[in-house]
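Q: Provide a 3D model corresponding to the input given below.
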Amino acid sequence: MKTIYLAAGCFWGAQKYFDYLTGVKYTEVGYANGNIDDPTYPVVKKGDTGFAETVKVDYDPEQITLEEIVTLFFEAIDPTTLNRQAHDIGTQYRSGVYYVDEADEPIIAAVRDKVQKQYEDDVVTEILPLSNFYSAEEYHQKYLDKNPTGYCHISNASYERIKNYKKK
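A: Next up, the predicted model:
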């Protein structure tokens, strides 16, 4: 098993998105790379803690590669918007890929460089080592499964594409 942390704006839809993938064994939403201990949603949403809403993704690299996961991540977001995805605005909604294995960084950077060729504007998605991660409150976990009509910035087309990427 390997782990990667993906900040794709609001973590509700990102978790559901990655849960569809064959080879993804576990996801958990939380707060990554901030500057306080034990953050809570009300504190993070103020936008001054440095945390990004993030999905922890545990996956089996024999079933899906890091390159595939990161490519699908970039397909679900607008990597050229700083501190924003759709209607979610603030540093907590920035896009980022946070790795725990240094060997993952060149793979992530290569995908980013390939994605950059698709845009005139700069890709601003940060790629950094994970400095910390705190699990979000239970009511945020699998939120869109519990609240199927809840808000999500990821398009239905993106969900349909990923559902068919590799059938579970």
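Q: Who are the contact partners of Ile89?
A: Asn83 (Cβ atoms under 8 Å, 6 or more residues apart in numbering). For glycine as for every other residue, the C-beta is placed from the backbone atoms N, C-alpha and C.
Q: And it, what's its pLDDT?
A: For Ile89, the model assigns a pLDDT of 95.
Q: cool, and Lys167?
A: So Lys167 comes in at 52 (pLDDT).
Q: which stretches of this protein form helices?
A: Ranges of helices in the chain, per DSSP state H, are 11-19, 41-44, 66-76, 105-116, 143-146, 156-163.
Q: If we go by neighbour counts, what in the second one is buried?
A: Of the residues in helix 41-44, Val44 count as buried by neighbour count, 16 or more other Cβ atoms under 10 Å.
Q: list the helices and strands that helix packs on?
A: The contact analysis (3 or more Cβ pairs under 8 Å, 6 or more residues apart in numbering; DSSP states H and E) places helix 41-44 against no helix or strand.
Q: hmm, try it at 10 Å
A: strand 24-32, strand 52-59 (3 or more Cβ pairs under 10 Å, 6 or more residues apart in numbering; DSSP states H and E).
Q: got the angle between the least confident helix or strand in the chain by mean pLDDT and helix 66-76?
A: For the chain, using mean pLDDT, DSSP states H and E, the weakest element among its helices and strands is helix 156-163, scoring a mean of 84. What separates the directions of helix 156-163 and helix 66-76 is an angle of 160 degrees, with axes from the mean of the first three to the mean of the last three Cα atoms, to 10 degrees.
Q: quick revisit: out of the helices and strands packed on helix 41-44, which one sits most buried?
A: Greatest average neighbour count among the helices and strands packed on helix 41-44 goes to strand 52-59 (a mean of 24), per mean count of other Cβ atoms under 10 Å.
Q: So which elements touch that strand?
A: Looks like strand 52-59 contacts strand 2-8, helix 11-19, strand 24-32, helix 41-44, helix 66-76, strand 95-99, strand 133-135 (3+ Cβ pairs under 10 Å, 6+ apart).
Q: Spit out the contact partners of Leu66.
A: 2, 4, 57, 59, 97, 99, 101, 103-104, 107-108, 111 (Cβ atoms under 10 Å, 6 or more residues apart in numbering).
Q: how does it look with 6 Å?
A: Counting by Cβ atoms under 6 Å, 6 or more residues apart in numbering, Leu66 touches 104, 107.
Q: next one: Val100
A: 3, 130.
Q: just Ile64 next, same as before
A: Counting by Cβ under 6 Å, 6+ apart, Ile64 has contacts 21, 23.
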